[in-house]
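*Asks:* Structure for this input, please:
(one chain, ligands or ions: 1)
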Amino acid sequence: MASNLHFLIIPLMCPGHLIPMVDMAKLIAQHSVAVTIVITPRNAERYGAVLHRAIASGLPIKILQLRFPASDHGLPDGCESVDDLPTFNLSKNFFDACSTLQKPLEHEFNMIKPRPSCIISDKHLPWTAEVAKKFEVPWVIFDGMSCFTQLATHNLCVSKIHEKLADSDRFILPGLPDNISMTKAQLPGLFNPGNSAKAKKLKSVRERVRAAELGAYGTLINSFEDMETRYIDEFKKLKQGRVWCVGPFSNSNKNDLDRAQHGSNDSINNNRECMKWLDSQRDRSVIYACLGSLTRLTPQQFIELALGLEGSQFPFILVVKGGSRTEEIEKWLDENGFESRVKGGGFLIRGWASQVLVLSHRAVGAFLTHCGWNSTIEGVCAGVPMITWPQFAEQFFNETLVVQVLGTGVGVGAQRVIHLDLEDEDEAGMQVKREDVCKAVKMVMNEGKEGEERREKAKCLKQMAENAIEEGGSSQFDLNRFIEDIRLHTNKGLVG
Ligand code: UDP
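*Replies:* Below you'll find the predicted structure:
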């Protein structure tokens, strides 16, 4: 081992958080820093193939498994990831169960050799700050969001401008390098929590996260300099330089097997047919539509999405994730004859899609996305324009970045965030109609000047994303800067 550094990585067990942290663990280990990733047994299985391949290739990665007390917190046995929750009403139970991992982790800490030099934790696990404090190591947070979101969030927290607004009021986000307008209804839950009793339960979780976050030693971000330069500069200034943009992580998966199993061991079999179908399609002709790992569209909205795609007359892949609504959605698919009608021109994936692999296929021409940050940056890395349909959390910020700042996307016209924990109440109602989907798809696929410009910009960004993680690239630079910072901090501790 070239160095005695050892980073303890603690992910939130949710695909949009665990996937990038597994990628990050590999990236750090490639710099001869030992890494231990803390996960629970089912996640060790789910992400095992990718991790074990990395270990077998010689990377210094270890896996520390902690038992997850699901049933003690009213969760079904084996429910160890947010996307396994039978209903998002159980989110608070899930976070409570996560925080009970503090004791077993503290018990293990002294046995981890070499002694961890820092903890890199998902910011949604604020109790890990207490572990870091107890063992006197820096608590670095991984923030699965962009610097655009960081800055917008900070400025809203300081200005509180949203507090005086009605839901539908359009306003300019304060203090950003660009003039960005949004409505309050589109802001993340921290600013727009909803009024139900359930929403209030989650409010305390969010506030604890925000309070802990402010005390972090520094922040690692899955982004890269050329994509959001001014936002990164501003955020770095705000945090006295302890912000390291080390992405895009997904680009570090160089072989097809890692891309295919990104997020799930099982997806290889699930996606074999889909890859074959893609091989038969023309270059840049297919719309890939996937709304992430957590979004469960209402049956009405699913129908609008499906019929909008069909109406566009472009070939498409549609990833179906119904959760508790699966039965209703399947019933419609069957009764409407959708699947047999679109056969040949439309491909449905049930369960986990090999998104990164699919996006890298030459036949994919556009990505219809919910703008989760990972999907957004994966779309950027694939060099495809995007059709944006944000759903929850900070996804409207990401849409804004893609559509208004980068100029590589067209929105379907979603108006407000959906509160995941209210899924059984269908409070979101109908937001987007099939005509909206169809129109946005046609605009993005348009062969005229506007469409061409969007595609050119997307291609440029793809190149920039590749450069960022190469030798001499900005993300390599920031990763080295981060490792050196922790090395200095550790050595100071040894001397002092
Ligand atoms: N993903 C995937 N297959 C799926 C659904 C999601 O590979 O069927 C991956 C996607 O590539 C991304 C992550 O899961 O890496 C989802 O993260 P994101 O931040 O986009 O959205 P979230 O799921 O957190 O809403």
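
*Asks:* Show me what from the chain comes close to the ligand.
*Replies:* With the criterion set to Cβ under 6 Å from any ligand atom, the chain comes near the ligand through 15-16, 19, 262-263, 290, 292-294, 319, 352-353, 355-356, 372-375, 378. C-beta here means a position set from N, CA and C on the backbone, and glycine is covered the same way.

*Asks:* In strands, which of these appear?
*Replies:* Judged by DSSP state E, strands contain the following of the residues of the chain next to the ligand: Cys290, Val319.

*Asks:* among the residues of the chain next to the ligand, which ones are buried?
*Replies:* With neighbours counted by 16 or more other Cβ atoms under 10 Å, these contain buried members at 15-16, 19, 262-263, 290, 292-294, 319, 352-353, 355-356, 372-375, 378.

*Asks:* Just the ones of those residues in helices?
*Replies:* Pro15, Gly16, Ile19, Gln355, Val356, Trp373, Asn374, Ser375, Glu378 (DSSP state H).

*Asks:* residues in contact with the residue of the stretch 251-400 of the chain found nearest the ligand?
*Replies:* Ranked by Cβ to the nearest ligand atom, the top residue of the stretch 251-400 of the chain for proximity to the ligand is Gly372, at 2.2 Å. Listed by Cβ atoms under 8 Å, 6 or more residues apart in numbering, the contact partners of Gly372 are Gly16, Gly292, Ser293, Leu294, Ala393, Gln395, Asn398.

*Asks:* Could you check the pLDDT of it?
*Replies:* pLDDT, Gly372: 98.

*Asks:* do the one 4 residues further on as well
*Replies:* If you check Thr376, the pLDDT there is 98.

*Asks:* Nearest spatial neighbour of it, chain-adjacent residues omitted?
*Replies:* Excluding its sequence neighbours, the residue lying closest to Thr376 (Cβ to Cβ, 6 or more residues apart in numbering) is Asn398, at 4.7 Å.

*Asks:* thought that neighbour was touching Ser146?
*Replies:* Yes. The criterion here is Cβ atoms under 8 Å, and Asn398 meets it with Ser146 at 6.7 Å.

*Asks:* Need the residues touching each of these two.
*Replies:* Trp373, Thr376.

*Asks:* and the gap between the residue of the stretch 251-400 of the chain closest to the ligand and Asp122?
*Replies:* Gly372 sits 15 Å away from Asp122, taking Cβ to Cβ, to the nearest Å as the criterion.

*Asks:* helices and strands of the chain: which one has the lowest mean pLDDT?
*Replies:* Sorting the helices and strands of the chain by mean pLDDT, DSSP states H and E puts helix 197-213 at the bottom, at a mean of 79.

*Asks:* Give me the buried positions along it.
*Replies:* Result for helix 197-213 [16+ other Cβ under 10 Å]: buried residues Lys198, Ala199, Leu202, Val205, Arg206, Val209, Ala212, Glu213.

*Asks:* so the fifth one touches Gly189, yeah?
*Replies:* Yes. Between Arg206 and Gly189 there is a contact under Cβ under 8 Å: 6.3 Å.

*Asks:* follow-up on the earlier one: just list what the following helix or strand past the least confident helix or strand of the chain packs against, helices and strands only.
*Replies:* Using DSSP states H and E, the helix or strand that follows helix 197-213 in sequence is strand 218-221. Contacts defined by 3 or more Cβ pairs under 8 Å, 6 or more residues apart in numbering; DSSP states H and E place strand 218-221 against strand 139-143, helix 147-159, strand 243-245, helix 474-495.
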